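S.K.: what follows is a protein structure lacking sequence information:
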């Protein structure tokens, strides 16, 4: 899932959001988003779905299997 790290940050920045704003929007602590973006932790499937729904992208895009 190495491509998910830059994709989360890229999508977040495209929306002009801070890590804290994204975390609040999907019901997480900002530290969780920070850990995803730094590669410390990886999101589980439920979180991937929340991120896809929020950013309106497919899981294949978020996971790096396809480009937009």
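M.R.: Arrived safely. Quick caveat: nothing in here was measured; it's all calculated off a predicted structure. Numbers count the residues shown, from 1 in each chain.
S.K.: following the host helix or strand of residue 51, which helix or strand shows up next?
M.R.: Using DSSP states H and E, residue 51 sits in helix 45-55. Next helix or strand after helix 45-55 toward the C-terminus (DSSP H and E): helix 59-62.
S.K.: elements contacting the helix holding residue 51?
M.R.: helix 4-14, helix 19-26, helix 59-62 (3 or more Cβ pairs under 8 Å, 6 or more residues apart in numbering; DSSP states H and E). (C-beta placed from N, C-alpha, C; glycine too.)
S.K.: ok, 10 Å please
M.R.: Judged by 3 or more Cβ pairs under 10 Å, 6 or more residues apart in numbering; DSSP states H and E, helix 45-55 is in contact with helix 4-14, helix 19-26, helix 30-38, helix 59-62.
S.K.: residues touching the residue most central in space within the chain, list them.
M.R.: Nearest to the mean C-alpha position of the chain, by Cα atoms, centre = their mean, lies residue 8 at 3.4 Å. Contact analysis of residue 8 by Cβ atoms under 10 Å, 6 or more residues apart in numbering lists 19, 22, 33, 36, 37, 43, 47, 48, 51, 55, 62.
S.K.: repeat that for residue 66.
M.R.: Applying Cβ under 10 Å, 6+ apart, the residues near residue 66 are 57, 58, 59, 60.
S.K.: was I right about the second one contacting residue 7?
M.R.: No - using Cβ atoms under 10 Å, residue 58 and residue 7 do not qualify as a contacting pair, with a distance of 11.1 Å.
S.K.: distance of the residue nearest to residue 38 when sequence neighbours are not counted relative to residue 36?
M.R.: Excluding the flanking residues, the one nearest residue 38 by Cβ to Cβ, 6 or more residues apart in numbering is residue 5, at 7.6 Å. Here the criterion is Cβ to Cβ, to the nearest Å. By it, residue 5 lies 7 Å from residue 36.
S.K.: all good on my end, thank you.
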